[in-house]
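1. One predicted model, sequence on top.
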Amino acid sequence: MSDLEVFRKETRAWLEKNCPPEMRKPVQSEEEICWGGRKWKFHSEAQRVWLERMAEKGWTVPEWPKEYCGGGLSREEAKILQKEMRALGCRSPLDSFGIWMLGPALLKYGSEEQKREYLPQIVQGKIRWCQGYSEPNAGSDLASLATKAEDKGNHFLVNGQKIWTSYADKADWIFCLVRTDFSAPKHEGISFILFDMDSKGVSTKPILLISGKSPFCETFFDNVEVPKKNLVGQLNKGWEIAKYLLTHERAMIGGMGLRAAGRPVSQIAADSVGLDAEGRLADPVLRGKIAEVSIDEMAFVFALERAGDLAKAGQANPAFSSVLKYYGSELNKRRHELLMAAGGSAALEWESPRSKQGALARAWLRTKANSIEGGTSEVQLNIVAKRILDLPGA
Amino acid sequence: MSDLEVFRKETRAWLEKNCPPEMRKPVQSEEEICWGGRKWKFHSEAQRVWLERMAEKGWTVPEWPKEYCGGGLSREEAKILQKEMRALGCRSPLDSFGIWMLGPALLKYGSEEQKREYLPQIVQGKIRWCQGYSEPNAGSDLASLATKAEDKGNHFLVNGQKIWTSYADKADWIFCLVRTDFSAPKHEGISFILFDMDSKGVSTKPILLISGKSPFCETFFDNVEVPKKNLVGQLNKGWEIAKYLLTHERAMIGGMGLRAAGRPVSQIAADSVGLDAEGRLADPVLRGKIAEVSIDEMAFVFALERAGDLAKAGQANPAFSSVLKYYGSELNKRRHELLMAAGGSAALEWESPRSKQGALARAWLRTKANSIEGGTSEVQLNIVAKRILDLPGA
Amino acid sequence: MPLVLNDEQGLLRDSARGFLAKNAPVSHLRKLRDQRDETGFSRALWKQFAEMGFAGILIPEEFGGAGLGYVEAGVVMEEIGRTLTPSPFLSTALLCAGTIARAGSEAQKKEHLGKIAAGERIGAFAIDEHSKHNPAQIALSAKRSGNGFSLNGAKGIVVDGHVADFLIVAARTSGEPGETKGITLFIVDPKTKGIETERTIMVDSHNAARISFDNAQVNADAVLGEVDQGWKIIEGALNVGRAAVASELVGAGEEAFARTANYLKERKQFGKRIGEFQALQHRAAHLYCEIEITRAAVLKALQTLDEHFDHAGSIVSVAKARAGASATLAVQEAMQMHGGFGMTDEFDIGFFMKRVRVGQELFGDSNFHADQLARLNRY
Amino acid sequence: MPLVLNDEQGLLRDSARGFLAKNAPVSHLRKLRDQRDETGFSRALWKQFAEMGFAGILIPEEFGGAGLGYVEAGVVMEEIGRTLTPSPFLSTALLCAGTIARAGSEAQKKEHLGKIAAGERIGAFAIDEHSKHNPAQIALSAKRSGNGFSLNGAKGIVVDGHVADFLIVAARTSGEPGETKGITLFIVDPKTKGIETERTIMVDSHNAARISFDNAQVNADAVLGEVDQGWKIIEGALNVGRAAVASELVGAGEEAFARTANYLKERKQFGKRIGEFQALQHRAAHLYCEIEITRAAVLKALQTLDEHFDHAGSIVSVAKARAGASATLAVQEAMQMHGGFGMTDEFDIGFFMKRVRVGQELFGDSNFHADQLARLNRY
């Protein structure tokens, strides 16, 4: 038996033994997703146990190095772990911006001290991070940010405002872009700093969205003192880190729709419109569209897999995350439009136990942000045109 | 009975009496379309008779003024004529760039002498016109044309080259954009002139297209002498006429696909894939797409009708022809893609009597030029953005 | 008939537009939603609608109505679409009053039409039973019982069902679900014993209800039209509803587009107004074309209802299919081009997206009507 | 297995690309077309293919082949797609040799595989009878007759049918068209009495033929596999064909796109290179995304054929559906962005559009495979 086969067997056995049965059922509501952090209240004992056991093996981040409490797995081993988890229906033990975004940036740009300080806490879900990038007047033009950090000797004094900060009201720490040189060109006066959201002068205000939920906040900084050791990388060189981190965010958002997939569209449609004598959906036009989106979804899963494999093989274009972000978020929007078409009038009930308080409709409306957050679809296409296709003036 | 009802009754009676039976069958091949002109050879006696009778009433151009041998009908009467012709299956008696393009421009910008000279010959199909607009290095940027006409006292001396001249090798006369002032900004040194294609120094060279046919030519002018009375409108003010004429060309190309419609896509598909027990096309995904294109086609017919009615009511935006050109040509391309999907492998036979020498395939390939000729789809969208939506910088 | 509004129709449009902009802009809907208003609309506003002649728009003058046609009804619906104004106009003035005026007995007309025209009576048209529109699938049964009928079954998404003074209910008196024969319409008092109404709060904050019938007794004179012969009346009513909702979708889509075009002219990014970016220009121009072509189809459908009521099926399907699709594109582009702001509840764009989604579903979505068109054309 | 080519596969790609660019660029196809070559391909070139091991790519080494897999076959097909090279690679090396290697008797393998690998024998796979691919509809009958079978019926679009030294023919030995049981494969000599072959000149200038069977007699040992049990072999062969054509479409689409991207960088209009126009940039970027996602799906399909041959159906349908759609988009955009020049026969873009259209049709187009996927997933 090959090493990988041994690993597969052992992994399956470990998962079967250690993943609590409740954690093998599909996620029914947002509350069942584990985000961790100081303020986290576990939804169930099983959720706590599952996080603890996975964190202990470092399998919340299978491919991070062992020295920072990661899983230390190879790409092939990580794929096997993922496949086996999927086969058993295991939930993700931990969702985290620390894992998806900050971690990769720290691994590349952080000091040894910063890595040892922050990475293990991310792996174990002890600190929940949020991202301080967007500002009210910047929008897609991220680099035109105005939040400033003044050098006050042993600390920076931070003043300004961020917007669209995901879960800022629930996060413990923030990784934040600030302007440290106002005289430099816009991309050259930005620094990347970390600080505790409990710091004096930090306040947050949730933004009510069309879905009726508030995953985003406005975040205000009023004379916040940030120790200078919390600067990541070099002063005024934060834009490079920001871009690197964005590529990870993009790949993450692109793949998001698939993680949250739930029941196949075809099944929801079958409930609404029924099947004909040949076992086909009784709405033939809808059926064709469901099949086409399913084809694109399957292909996109392979594209995500291939992107990871290319990266591992050193053959990836760094801008490829924009392809995944663009395609994945547009696909997720299409998928949810179809889910609404499949659900019909029942899916339009906003407040009723039947519709789980409009779960389908709220999820549908939420997807509209997918092609805006983390850089709009238009920004991604600009990036592909410029950095991959090398088109003039792009 | 209202006046219009009387007109309808009389028109039907006249058509029934005067339209030869052969001219009530759908057009089977390009040769059966009557273009007229000095070199025209009638495909059949019926074709000749039909043109003659219609021309005599001025009904080759129902709404042109009677004084120039037009039909002198009101908009409502013209609609009735069209409807009755469609009901009987009457073919168009005459296809003509003179009718679709030059005529409207002459009616607006021509001198009285020019109108009396040229319009009746257009109505009667005696002179076949072609259009000298595009040049090899101009493309979408039409106004950057370089063909020059020098003032030699009593004539212009024309030198240069045109390209994509539809049927230049079959036409009698050309309406042509030439540069008469090289020092002026590019839109301000252009004049609009007419001349005989038999003039000394004119030569044409058909361009072989991917469809295997050559509807377009390269057209060369080598010291062609053009009488100065053949200038339409003012010297150096030809761009305005050119634009006006283009709006007519655009509306014409937009509606072209519908004129040539032929058998419905659904019937062609039924031959290829068959019907199921419920009478539905056995390829359900194709069926949905056919239905969607049919919906857009029906809607587009109404949009053409409405555009005419709006113009008559003085409520039309002159740039609306770009909407029709854009939508109609893209729709025609979609329609022919579906025709190919419906026809399957039989439609892919390029040379065989079964496929009428690849009629479907050649028509499909021909449609690819629809969104290029008469201004590309991109140019039309630019025009809509600028002149209708008033977007900045458009 | 020219495919443009005539002068009177143009005046009607202007007066409806002015009235709604002043008295019922989007903030009117927002307020009803935020206050969790129990009726979901403003009776005072509806009274004003009646005074302007809108409530009786399809009602003959002899019954106190304006005696206008479907084009006029569509003109008002389009303006309602612009402001997203919730009102019983669709349910009462178009579906119920129109159906009674076309198919009701003299007694039924006398009983209902005057009061509707005066804005004093609200009706709801109860047809769909499943999540997806499919009228031939009616299963709610009406069995002969004593002097009349006994109704059993349930209806979903009955627009204005919980505020209606009367219901028009489609029920099966013979045959099986899926058959178009054997369906009968009844005019029913919703307070009848055995009828239960549950208001459903919808995504678009417009009114709808689920209504169940448990041995609900109605008299024989409750029958609208003839027993077992309801299908043709239903088809007519549905075509009116479809063309009306298509008009509303044109209005909603166009308003969403207009707001977006303005935003493109104002919002700056990367040192430019975003309307200067050609990719957005082309998408906006494409959307404009889609809306204009839909507008022509919808007007044609309305004119056809006025001129050849019984032959409007195909054209109405074209209009409703296009209206659903192009309004959907309009709100999607509006959302994307407004960026994060469009996603906030504070901005109005979300209201348009929600209403268009419901309008797409009402009386058959674009997929349903594509299938319908294929069936009508036998492929 | 990582979803990337391994080193050997990368080398194979490079060598195929170099070879084809040098020996059979698009001008090679153009020349065959213009000269109205009767065989429609170059036997000399095919011999070179054989020398490079391509003809025997799927043939086990014991029979003189290279013993490689479907990923390698796809790699070569993709390069063929880039140059539009006509050759019997698909018909002979993949469909026929692959089928015989998988399902043939020892005698059949010995008879055919070595000669195929040497480039000395050409085979054609005759399956479709109607204009649209629908393999279960096979009606061509094979009735027991004497020591063998008598074949009656006709096949259309048989790739390389008129230049083949042998045919693999799918025929019905029992059951009715539409049923998957009762189909049998035969290896048939096209010179058999009663067989008539008509070459059909196709839009893409690639080889195809119609073949009719009028009481054509074959011996019992002509059966490939078992009588009545041909469906599974056919499914396998078709999946190989689909994945192979999908690879070719990736190559053709990508080449058309590459030429277009270059044109965008060169062509000037309105004083700019047209690649500076954002609307074109976004469309080009979108197309790039589509192609890349298709590429992943196609590679996955090829890998799945190598690893789990009998479970590749869904993934192959995904690959073929996507490849047809994205190559079509690629050639459409190529045509539009090249403007009038793309429309001329002198330019090569038209060749790509024509070949992609045929590739879309071969072994089921995107619509067919969407339907197929829905069936496989029971909806």
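-> Nice, thanks for sending it over.
2. Could you double-check that C:A66 lies in contact with C:P60?
-> No. Using Cβ atoms under 8 Å as the test, C:A66 is too far from C:P60 to be in contact (9.1 Å). Any C-beta I mention is one placed from the backbone N, CA and C, and that applies to glycine too.
3. Those two: which is more packed in?
-> Remark: of C:A66 and C:P60, C:A66 carries more neighbours, 19 against 15, as counted by other Cβ atoms under 10 Å in any protein chain shown.
4. how far away is the more buried one from chain A?
-> Distance of C:A66 to chain A, computed by Cβ to the nearest Cβ, to the nearest Å: 31 Å.
5. confidence score at that residue?
-> pLDDT for C:A66: 97.
6. which residues in the chain form strands?
-> Picking chain A for this. Under the criterion DSSP state E, strands of chain A are mapped to A:129-132, A:148-151, A:155-166, A:173-179, A:190-196, A:202-207, A:216-227, A:231-232, A:349-351.
7. The intended chain is chain C.
-> Using DSSP E, the strands found in chain C span residues C:123-126, C:141-145, C:148-158, C:166-172, C:183-188, C:195-199, C:201-202, C:209-219, C:223-224, C:268-269, C:272-273.
8. which residues sit against the second one?
-> Contacts to strand C:141-145, defined as Cβ atoms under 8 Å, 6 or more residues apart in numbering or on different chains, come from residues C:F149, C:S150, C:L151, C:N152, C:G153, C:A171, C:R172, C:T173, C:T184, C:F186, C:Q217, C:V218.
9. repeat that for 10 Å
-> C:148-153, C:169-174, C:177, C:182-186, C:188, C:213, C:215-218, C:220, C:222-223, C:227, C:230 (Cβ atoms under 10 Å, 6 or more residues apart in numbering or on different chains).
10. quick check, distance from that strand to the centre of its chain.
-> Strand C:141-145 sits 29 Å away from the centroid of its parent chain (Cα atoms, centre = their mean, to the nearest Å).
11. Give me the angle between that strand and strand C:183-188.
-> Angle of strand C:141-145 versus strand C:183-188, following axes from the mean of the first three to the mean of the last three Cα atoms, to 10 degrees, is 70 degrees.
12. any idea how far chain B is from the nearest residue to C:D306 once chain neighbours are set aside?
-> Using Cβ to Cβ, 6 or more residues apart in numbering or on different chains and skipping residues adjacent in sequence, the residue nearest C:D306 is C:G69, 4.3 Å away. According to Cβ to the nearest Cβ, C:G69 and chain B sit 18 Å apart.
13. count of neighbours near C:G69?
-> Residues lying near C:G69 (other Cβ under 10 Å) number 16.
14. and if you look at C:L299?
-> Applying other Cβ under 10 Å, I find that C:L299 has 29 neighbouring residues.
15. so it makes contact with C:V71?
-> Yes. Contact status for C:L299 versus C:V71: in contact at 7.2 Å, counting by Cβ atoms under 10 Å.
16. How far off centre is the least confident helix or strand in chain C by mean pLDDT?
-> Sorting the helices and strands of chain C by mean pLDDT, DSSP states H and E puts strand C:268-269 at the bottom, at a mean of 88. Relative to its chain's centre, strand C:268-269 lies at 38 Å (Cα atoms, centre = their mean).
17. what's the answer for stretch C:313-322, then?
-> 14 Å.
18. Check stretch C:209-223 too.
-> 23 Å.
19. Spell out which parts of the stretch 251-394 of chain A neighbour chain B.
-> A:276-278, A:280-281, A:283-289, A:291-292 (Cβ under 10 Å from any Cβ of the partner chain).
20. what sits against the residue nearest to C:D306?
-> Counting by Cβ under 10 Å, 6+ apart, C:G69 has contacts C:Q9, C:I57, C:L58, C:L302, C:Q303, C:L305, C:D306, C:E307.
21. is it true that the fourth one touches C:L68?
-> This means C:L302. No. Using Cβ under 10 Å, C:L302 is not in contact with C:L68; the gap is 11.3 Å.
22. which residues are common contacts for these two?
-> With Cβ under 10 Å, 6+ apart as the test, C:L302 and C:L68 both reach C:Q9, C:V75.
23. And these two? Which one has more around it.
-> Legend: neighbour count by other Cβ under 10 Å for C:L302 and C:L68, higher for C:L302 (29 against 22).
24. I'd like the strands of chain A as TSV, with mean pLDDT appended.
-> Formatted as TSV, the strands of chain A follow (pLDDT from 0 to 100):
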stretch	mean pLDDT
strand A:129-132	96
strand A:148-151	96
strand A:155-166	96
strand A:173-179	97
strand A:190-196	97
strand A:202-207	97
strand A:216-227	97
strand A:231-232	97
strand A:349-351	96
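25. quick revisit: what residues are shared contacts of C:L299 and C:V71?
-> Common neighbours of C:L299 and C:V71 (Cβ under 10 Å, 6+ apart) are C:M1, C:L5, C:Q9, C:A243, C:S247.
26. For those, work out which two are farthest apart.
-> C:M1 and C:S247 (17.0 Å; Cβ to Cβ).
27. Comparing the two, which shows the higher neighbour count?
-> C:S247 (29 against 14).
28. per-residue confidence at that one?
-> Looking at C:S247, its pLDDT is 98.
29. OK, contacts around it?
-> C:70-71, C:73-81, C:295, C:298-299, C:301-302, C:319, C:323, C:359.
30. Might you list the low-confidence residue ranges for chain A?
-> A:1, A:257-262, A:394 (pLDDT under 70).
31. Centroid-nearest residue for it?
-> A:M252 (4.6 Å; Cα atoms, centre = their mean).
32. The residue nearest to that one when sequence neighbours are not counted - how many residues pack around it?
-> Excluding the flanking residues, the one nearest A:M252 by Cβ to Cβ, 6+ apart is A:W100, at 4.2 Å. Residues lying near A:W100 (other Cβ under 10 Å) number 21.
33. A:W100 against A:H248, yeah?
-> Yes. A:W100 is in contact with A:H248 according to Cβ under 10 Å; the separation is 6.0 Å.
34. just the helices in the chain please.
-> Since you didn't name a chain, this refers to chain A. With DSSP state H as the criterion, chain A has helices at A:3-18, A:45-57, A:75-88, A:97, A:103-109, A:112-123, A:238-259, A:265-273, A:284-312, A:320-343, A:359-367, A:377-383.
35. if you could check chain C rather than the one you did, that'd help
-> With DSSP H as the criterion, chain C has helices spanning C:7-23, C:26-34, C:43-51, C:70-83, C:97-103, C:106-117, C:230-266, C:278-307, C:313-338, C:340-343, C:349-361, C:366-376.
36. ranking those by mean pLDDT, which is last?
-> Among those, helix C:340-343 scores lowest, with a mean of 94.
37. That one packs against which elements?
-> strand A:155-166, helix C:230-266, helix C:313-338, helix C:349-361 (3 or more Cβ pairs under 10 Å, 6 or more residues apart in numbering or on different chains; DSSP states H and E).
38. about what we covered before: can you say which of the strands of chain C is nearest to B:F216?
-> Between those, strand C:272-273 lies closest to B:F216; by Cβ to Cβ that is 38.7 Å.
39. so what strands line up beside that closest one?
-> strand C:268-269 (antiparallel) (DSSP bridges).
40. can you tell me which residues contact residue 310?
-> Using chain A. A:A316, A:N317, A:F320, D:P2, D:L3, D:V4, D:A296.
41. Let me rephrase: I mean chain C.
-> If you count contacts by Cβ under 10 Å, 6+ apart, C:D310 has them with C:K232, C:E235, C:G236, C:N239.
42. tell me the two of the residues you listed that are most distant?
-> Pairwise across those, and taking Cβ to Cβ, the largest span is found between C:K232 and C:N239, at 10.8 Å.
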